[in-house]
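Novice: need coordinates for the below:
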Amino acid sequence: MNILENILIYLHIISATFYVGGDILFLLFGISIRYIYKNNSLLPGFRALGRIFRIGSWVSIFLLFSTGIFLLIYRWGGIDINMLIKLILFGILIPLKILHDFYTAPKAAMEKPPGFYFKITLFVARVNLLILLLIIFFSMRFVR
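Specialist: Numbers count the residues shown, from 1 in each chain. This is a model prediction of the structure:
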């Protein structure tokens with residue numbers, strides 16, 4: 001294994017960790033705001049964090065895509081059923097993320113009180129997290 005391959009694997013893992021960890025953070029933070037604290041004064045901070053995380057998550061997606069393609073070609077040289085499922089899930093994830101980040105979440109942020117777009121945004125975010133967790137599962141199966 002050469003140094004470039006190690007760097008690419010490292011970037012791939014760090015990007016996945018940031019993206020999935022950030023989504024889990026948002027899920028838990030959102031639950032705590034809604035059900036534990038019941039405090040609407042925390043919502044502006046939640047929205048600001050979301051705008052910052054959106055940039056980082058798109059950088060992560062770019063790094064995951066670019067390092068993943070290189071590693072797939074260079075290291076493994078082929079696609080099995082686990083990788084195929086992972087790639088299909090990634091293909092579903094991207095349009096859902098675009099829908100969430102650039103349509104439903106901005107509309108939900110303007111709703112007072114939270115309504116239709118808020119519920120849709122939560123649903124899409126949860127589906128995205130589920131897809132991310134499935135991608136990790138099939139990645140694990142692929143490298144074993």
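Novice: every contact and neighbour count from this point should use C-alpha atoms.
Specialist: Will do.
Novice: so residue 89 touches residue 136, yeah?
Specialist: No: look at residue 89 against residue 136 with C-alpha atoms under 8 Å: they stay out of range, at 10.4 Å.
Novice: so how many other residues sit close to residue 16?
Specialist: 20 (other C-alpha atoms under 10 Å).
Novice: quick one: contacts for it?
Specialist: By C-alpha atoms under 8 Å, 6 or more residues apart in numbering, residue 16 lies in contact with 60, 64.
Novice: SS state for it?
Specialist: Following DSSP: H, G, I helix; E, B strand; the rest coil, residue 16 is assigned to helix.
Novice: got the contact list for the residue nearest to the spatial centre of the chain?
Specialist: Taking C-alpha atoms, centre = their mean, the centroid of the chain lies closest to residue 19, which sits 4.6 Å from it. By C-alpha under 8 Å, 6+ apart, the contact list for residue 19 reads 56, 57, 60, 61.
Novice: rerun at 7 Å
Specialist: Contact partners of residue 19, counting by C-alpha atoms under 7 Å, 6 or more residues apart in numbering, are 57, 60.
Novice: can you tell me the element it falls in?
Specialist: helix 3-31 (DSSP states H and E).
Novice: quick check: next helix or strand after that helix?
Specialist: From helix 3-31, the next helix or strand downstream (DSSP H and E) is helix 43-71.
Novice: list the buried residues in that next one.
Specialist: For helix 43-71, the neighbour count (16 or more other C-alpha atoms under 10 Å) marks 50, 53-54, 56-58, 60-61, 63-65, 67-68, 70-71 as buried.
Novice: could you list every helix and strand that it packs against?
Specialist: With contacts taken as 3 or more C-alpha pairs under 7 Å, 6 or more residues apart in numbering; DSSP states H and E, helix 43-71 sits against helix 3-31.
Novice: buried ones in the helix it packs on?
Specialist: Within helix 3-31, the residues scored as buried using 16+ other C-alpha under 10 Å are 8-9, 11-13, 15-16, 19-20, 22-23, 26, 30.
Novice: then stretch 131-144?
Specialist: 131, 132, 134, 135, 136, 138, 139, 142.
Novice: any idea which of those is least confident?
Specialist: In terms of pLDDT, the weakest of the buried residues of stretch 131-144 is residue 142, which scores 81.
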